[in-house]
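Peer 1: Need coordinates for the below:
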Amino acid sequence: MPGTNCPIPPGRNFTYKFQMKDQIGSYYYFPSMFFHKAAGGFGGIKIVSRPLIPVPFPPPAGDYTVLIGDWYKTNHSILRQTLDSGSNLGMPDGVLINGQAPNATSFTVDQGKTYRFRISNVGLASSLNFRIQGHKMKLVEVEGSHTVQNIYDSLDIHLGQSYSVLVTADQPPQDYYMVASTRFTTPTLTGIAFLRYSSSQKSASGPLPPAPTGVDWSLNQARSIRWNLTASGPRPNPQGSYHYGMINTSRTIALANSAPVINGKQRYAVNSVSFIQPDTPLKLADYLNISGVFNLGSMPDRPTNGGGYLQTAVMGADYRAFIEIVFQNNEDTIQSWHLDGFSFFVVGMDGGQWTQASMKEYNLFDTVSRCTTQVYPNSWTAIRLALDNVGMWNLRSENWSRQYLGQQFYLRVYTPVGSFRDEYSIPNNALKCGRAG
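Peer 2: Alright, predicted model coming up:
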């Protein structure tokens, strides 16, 4: 993200070295500068378990990456200019599957065999429902967490989220529709691919499998997705050996999204603060002690209910603290939030305003751990997490227009102990720019 690293200059390259430590599962990468994500450039990331660590299902016959997302035909630079002018982008033009228009992508399977599909919503604006004609999906993993293996006819996959399912080719050999369609939009946009049996002699036919309707269906499905307590994660010990519900929180942060007009232009904000990019990446400025780039505490940890204003917003937090964050959505549109650097436990979500009494509804036993969560219209979602990763971490809307126009900030997780155990030194090939250049 531009608040963490300097951009790679044109005609240059950069080698990014990092450990796949304490992580497994399905993710994706994308360009984060300006509005480049609207031009594509994304792909799947698979992190497999170490050989001696058991996986809670037999090895599949194949492993497919399925990138679904809405799409604008307009060039990304024009989209950016539209947002800069204060205008709205409007509805996307369609839904793509693996970057292809409807009816252009297929996934080949052998009858009787089981396959893993890693499905990510890489879009810009829309929650999507994914389904396969005539086939059930067994959910096995969500963003690095092995799940209780529930069976679903379809899955709501919100912006930035990744799901991993097992599908058995147990139907007569032919082609079947794979569908990704927008949720909570008018009109509904639809992308189509094909599940193709290797011995198929018949094209897909009949109506597309129907999509669910309403928020309640989606909310109930989200609540049904739970942690597999007996499965091993990236380490041999069971996931359930970490009793997150028994840890006392030291802080509750409440975040409310809004859509203020500032200086005559549409912006988006968190607790009334609409983020503006600094002239020097925040992590670089913090590491090199460059003053004047940001003010710690410029991001309030409670809604102010005031008008929006522009700020390079940074919130401070203590290393190793166990905290709660409540996302309050008072708008009529669904929100999707992502936190870099961490996985968190989605302990609760419901309609209306969050209050202390809402904690009685929390799942403190087997909720899923993930890095992206939805907040339904006029609703709240609560997460809990251990701040076990020192750094400057972006917390943002996955709706890319809202992110670009300010619905984000940085969480500075800090320890005064300068230890390699907590954080490595800046790499030798780190790019320098802004006041650090």
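Peer 1: which residues in the stretch 101-250 of the chain form helices?
Peer 2: 215-224 (DSSP state H, counting those that start in this stretch).
Peer 1: all strands of it, in order?
Peer 2: 106-109, 114-121, 128-132, 137-142, 145-146, 151-152, 154-157, 162-168, 175-182, 190-197 (DSSP state E, counting those that start in this stretch).
Peer 1: From the contact counts, what lies against the second one?
Peer 2: The reference is to strand 114-121. Helices and strands touching strand 114-121, by 3 or more Cβ pairs under 8 Å, 6 or more residues apart in numbering; DSSP states H and E, are strand 25-29, strand 43-47, strand 62-71, strand 106-109, strand 154-157, strand 162-168. In this view, the C-beta of every residue, glycine as well, is placed from N, C-alpha and C.
Peer 1: swap the cut-off to 6 Å and go again
Peer 2: In terms of contacts (3 or more Cβ pairs under 6 Å, 6 or more residues apart in numbering; DSSP states H and E), strand 114-121 is packed against strand 62-71, strand 162-168.
Peer 1: do the third one as well
Peer 2: Strand 128-132 sits against strand 154-157, strand 175-182, with contacts defined as 3+ Cβ pairs under 6 Å, 6+ apart.
Peer 1: how does it look with 8 Å?
Peer 2: strand 62-71, strand 154-157, strand 175-182.
Peer 1: hang on, the earlier thing: single out the most deeply packed of the helices and strands packed on strand 114-121.
Peer 2: With neighbours taken as mean count of other Cβ atoms under 10 Å, the helices and strands packed on strand 114-121 reach their highest mean count in strand 162-168, at a mean of 23.
Peer 1: Figure out how far stretch 199-206 is from the centre of its chain.
Peer 2: 35 Å (Cα atoms, centre = their mean, to the nearest Å).
Peer 1: quick one: buried residues of it?
Peer 2: For stretch 199-206, the neighbour count (16 or more other Cβ atoms under 10 Å) marks 200, 204 as buried.
Peer 1: for stretch 351-366, which positions count as buried?
Peer 2: Neighbour counts over stretch 351-366 (16+ other Cβ under 10 Å) mark 354, 358, 359, 362, 363, 366 as buried.
Peer 1: tell me the contacts of residue 185?
Peer 2: For residue 185, the contact set (Cβ atoms under 8 Å, 6 or more residues apart in numbering) comprises 91, 126.
Peer 1: sorry, back to before: need the helices and strands packed on strand 128-132 in JSON lines with mean pLDDT, can you?
Peer 2: Output for the helices and strands packed on strand 128-132, formatted as JSON lines (pLDDT from 0 to 100):
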{"stretch": "strand 62-71", "mean pLDDT": "98"}
{"stretch": "strand 154-157", "mean pLDDT": "98"}
{"stretch": "strand 175-182", "mean pLDDT": "98"}
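Peer 1: Please convert those to TSV, extending it with distance to residue 86.
Peer 2: What follows is the helices and strands packed on strand 128-132, written out as TSV (distance: least, Cβ to Cβ, whole Å):
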stretch	distance to residue 86
strand 62-71	22
strand 154-157	31
strand 175-182	25
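Peer 1: Looking at the ones you listed, which is nearest to residue 395?
Peer 2: With Cβ to Cβ as the measure, strand 154-157 is the member of those nearest residue 395 (20.5 Å).
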